[in-house]
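J.: with the input below, show me the fold.
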Amino acid sequence: MTNAFLESIKARRSIYALDKNVSVSEDNIEEIIKEAVKYSPSSFNSQTSRAVILFGENHDKLWNIVEDTLRGVVPAENFASTEEKIASFRAGFGTVLFFEDMDIVEGLQKDFALYADNFPIWSEQATGIAQHSVWVALANAGIGASLQHYNPLIDDAVKAEWDLPASWNLRAQMPFGNIVAEAGEKEFIADEKRFRVFK
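T.: Model (predicted):
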C-alpha cells in the first residue's frame with residue numbers, strides 16, 4: 001500500500017548535520033511553516049499554538065542566547081561538547097520557536113470550568129501536533145530539522161530579545177537547514193509490544 005502522507009511521515013527524521021545551503025526561499029519556508037501550524041488541530045479549535053520564525057542574524061542570535069545561558073549552568077570542563085552541539089544548530093538556515101498562548105488556555109479554563117484541568121494538557125497536545133506538522137512539511141520540502149528544548153532556561157531572554165507577549169509559553173526550538181548528513185537507520189520495538197488489534 002502506498003500512502004503519500006505516511007511516506008512524508010517516514011521521511012521526517014532528526015537531522016543534526018545542517019548547513020545554510022537550502023534551495024528553498026525564505027518566503028517559501030515561511031509559508032510552509034505558517035500553513036502547517038494553521039492547519040494543525042487544537043481542542044475546541046482554540047488555536048493556541050504560536051510560531052516565531054528566525055532567519056539570518058536572528059537565527060544566529062538565538063543560538064548565541066542558548067550558548068551564553070548554558071555557559072552559566074554547565075561546568076566549564078564539560079562545556080566543549082555543549083558548545084559543539086549549539087554550533088551545529090547555529091550552522092543551520094533558520095529556527096522555528098514554538099509557543100503556546102496561555103491567555104487562551106486560561107480563558108478556556110474559566111469559560112469551561114468542567115474541563116479546566118484538561119486545557120493545559122490539550123495545549124501540550126496542540127503544540128506537539130503543530131511541531132510534528134512543521135517537521136513533516138519541512139522534510140517534505142527536502143529540509144532537515146531537529147527538535148530541541150532549552151526552555152525554560154532561555155525563556156526570558158527570548159521574550160525580551162524579540163519583544164514577545166508575556167502569555168506566550170516557549171515549548172520547543174526547531175533548527176532547520178540543508179541536510180549535510182542523513183540520519184542513521186531507525187530502530188523500532190516489536191509491533192506486538194506496541195499494538196493490540198481486536199476484530
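
J.: CA atoms only for the lengthiest strand in the chain, dumped as CSV, please.
T.: Secondary structure of the chain per DSSP state E: the longest strand is strand 168-179. Coordinates of each C-alpha in strand 168-179 appear next as CSV, following Å, rounded to 0.1, in the frame of the first residue of the first chain:
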residue,chain,number,x,y,z
TRP,A,168,3.5,33.1,25.1
ASN,A,169,5.0,30.0,26.7
LEU,A,170,8.0,28.6,24.9
ARG,A,171,7.7,24.9,24.3
ALA,A,172,10.4,23.9,21.7
GLN,A,173,13.1,25.1,19.3
MET,A,174,13.5,23.6,15.8
PRO,A,175,16.7,24.4,13.9
PHE,A,176,16.4,23.6,10.2
GLY,A,177,18.6,23.7,7.1
ASN,A,178,20.2,21.8,4.3
ILE,A,179,20.8,18.2,5.1
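
J.: and the strands in this protein?
T.: With strands called from DSSP E, the chain shows them at 18-19, 49-55, 94-101, 144-145, 168-179.

J.: deepest in the core, which of the ones you listed is it.
T.: Greatest average neighbour count among the strands of the chain goes to strand 144-145 (a mean of 28), per mean count of other CB atoms under 10 Å. Bear in mind the C-beta positions are built from the backbone N, C-alpha and C, glycine included.

J.: report the distance from it to the chain centre.
T.: 10 Å (CA atoms, centre = their mean, to the nearest Å).

J.: same thing with stretch 149-163?
T.: 14 Å.

J.: buried stuff in that stretch?
T.: Residues of stretch 149-163 classed as buried: Y150, N151, L153, I154, D155, A157, V158, K159 (neighbour count, 16 or more other CB atoms under 10 Å).

J.: how about residues contacting it?
T.: By CB atoms under 8 Å, 6 or more residues apart in numbering, the residues outside stretch 149-163 that reach it are 52, 58, 61-62, 65-66, 69-70, 73, 97, 164-166, 168-173.

J.: mind jotting down where the helices sit in the chain?
T.: Along the chain, the stretches classed as helices by DSSP state H are 4-11, 26-38, 56-71, 79-90, 102-111, 119-140, 155-162, 191-194.
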